[in-house]
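Student: what's the 3D shape of this:
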Amino acid sequence: MNQSYDIVIVGGGPAGSSAAIRLAIAGKRVLLVEKEKFPREKLCGEFISPECLEHFEELGVLDRMQLAGGIAISETIFYGRGGRGVAVPSAMFGGAFETALGLSRAQMDLHLMQRAKELGVEVMEETTATALVMEQDRITGLKLKSHGPELTIKTPIVVDATGRTRALARKSDPRQTPRAKFVAFKTHVRNIDIPDDRCEIFSYRGGYGGTSRIEQDLHNLCFIAAAEDVKRLGSDPTRVFTNRVCSNKRAAQVFRNIEFTGEWLAVPIARFGRGSLSPVPGLLTIGDAAAFIDPFTGSGMLLAFESAKFAAESVSATADVEDLGAEYERRYRSAFDRRLRVCSWLRRASFVPFLAELTIAGLNVSSKLKSKLVRATRAQSTRTAVR
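Tutor: Reported below is the predicted structural model:
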C-alpha cells in the first residue's frame, strides 16, 4: 500500500464508502479504513428510503443492491399506542423512485465497499485509527493499528465516518459526551404479521420501534427505549421488547407469533442532532458522526449519503484545507438544519403517547398537512418519479 493519500476515510459504512466512491471518481487517492471485517451486521432500521436509490444510481450500485434480495416497500404506517395509525406512501418522500428498499446493512455495506475497491480505493479492514497526526494545528497524517506495528499514513484530509462513536472527532472536541438517555436494539426475526411491502412503526412511552422485510424471508426489528426502562428490565433485550414495544396495541398483534433468528445488537444513544462538522482543519465528520437524526423518519441512511456527497464536493471544490471546513459546513447546514429541527419535534411527540395519538389524528384529517410534514424531513428533488 501507499504511505501517502489525498484523503483518508475512517469507517466503511454507507457514509464512508459512498464518500470514497465519489472521491475516487473525482480522481483522488483514497484510503478507506474499517475496524471490522465485512460482511458484518450493524444496528440499523435497514429501511432505505426512495431518495437513497438515486444515490445508488450515481454511485453505480443500484442494480447490485436490487439483485441482493432487497424488498420493495411501498408504504410506512405509524401507530399510536392505542393502535390507531397513519399511512405514508413511500412515493410521498419524493424523488425519482416510488418505493423504498428493505435490505440488510451486511449486504448494502458490502456492495458499497466492493464498488469502492473496483474504483481503486485502497481498503484496510480490521484496522483502527488511533490518533490524528498534527503539525501547527493542521492534520498531516493518521496513525493506524492493525495486526502488526502501528502505521503512520500521510494525508492532509481525514473524514470521520465512524458513526455515533465519533472516534476521531471526539478526540478533538473538548465537550464531554452526555450520559446516554436511550438504548437502541436490533435483531432479525420471522413470522411477522404484516404485508411484505410495508414498514410499521409503533409509538410507546419513552420510545418507538419498527419492523420491515429484508432479504432471505427475514424482518428487521429495531427499537429505542429509555435507558431507565432498560435498566429496570435487567438490560434484557427480549424483556424490553415485550414490556415496552408490545405495550403498543398494534405491535402486540403484529408480533404475537414472532420467532427471533438473529443475535441482539444494542447501542447507547447519548445525543440526537448535530455535532461538530469540522473540529480541526482538515477533519470532516459525515453520517452519524456529524449528526444523529431520528431513525423513525426513515432519513438516517439518506443523511449518510447526502453528507458524504457534500463532503466529497467540498474536497473537490476547495483548494485550501483551511477553507474546507467552512465550505462543508455551509453545504451541510443549508441542507440539514431545518430537517433536524422537524425530526426533533416529531421524536418528542412520538415518545409521549398522548401527543403521538394527537399527531396521528391530525395527519389523518389532512393529507395536505401529512405530505407537507413528510417533505419537511427530506431534501427537495426535481427528478421525475419512476413508476
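Student: how about the helices in the stretch 151-300 of the chain?
Tutor: For the stretch 151-300 of the chain, the helices defined by DSSP state H, counting those that start in this stretch occupy 169-172, 227-232, 237-243, 249-254, 300-317.
Student: any buried residues in the second one, and which?
Tutor: Pointing back at helix 227-232 there. Ala227, Asp229, Val230 (16 or more other CB atoms under 10 Å). C-beta here means a position set from N, CA and C on the backbone, and glycine is covered the same way.
Student: got the residues you listed as CSV, with distance to Arg115 and pLDDT columns?
Tutor: Output for these, formatted as CSV (distance: CB to CB, whole Å; pLDDT from 0 to 100):
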residue, distance to Arg115, pLDDT
Ala227, 38, 94
Asp229, 40, 96
Val230, 37, 96
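Student: mind checking the helices of the stretch 151-300 of the chain for the one nearest to Gln114?
Tutor: Closest approach to Gln114 among the helices of the stretch 151-300 of the chain is made by helix 300-317 (16.7 Å; CB to CB).
Student: any idea how far Gly27 lies from Arg274?
Tutor: 30 Å (CB to CB, to the nearest Å).
Student: neighbour count for these two, which is higher?
Tutor: Arg274 (17 against 10; other CB atoms under 10 Å).
Student: mean pLDDT lowest where, among the helices of the stretch 151-300 of the chain?
Tutor: Looking at the helices of the stretch 151-300 of the chain, the lowest mean pLDDT belongs to helix 169-172 (a mean of 82).
Student: so what touches that helix?
Tutor: Contacts of helix 169-172 with the rest of the structure, by CB atoms under 8 Å, 6 or more residues apart in numbering, involve Ala131, Leu132, Asp160, Thr177, Gly275, Ser276, Pro279, Val280, Leu283, Thr285, Ala289.
Student: confidence-wise, which of the residues you listed comes last?
Tutor: Taken together, the contacts of helix 169-172 show their lowest pLDDT at Thr177, with 67.
Student: what's the pLDDT at Thr297?
Tutor: 63.
Student: swap in Pro174?
Tutor: On the pLDDT scale, Pro174 gets 61.
Student: most neighbours per residue, which of the helices of the stretch 151-300 of the chain?
Tutor: helix 300-317 (a mean of 24; mean count of other CB atoms under 10 Å).
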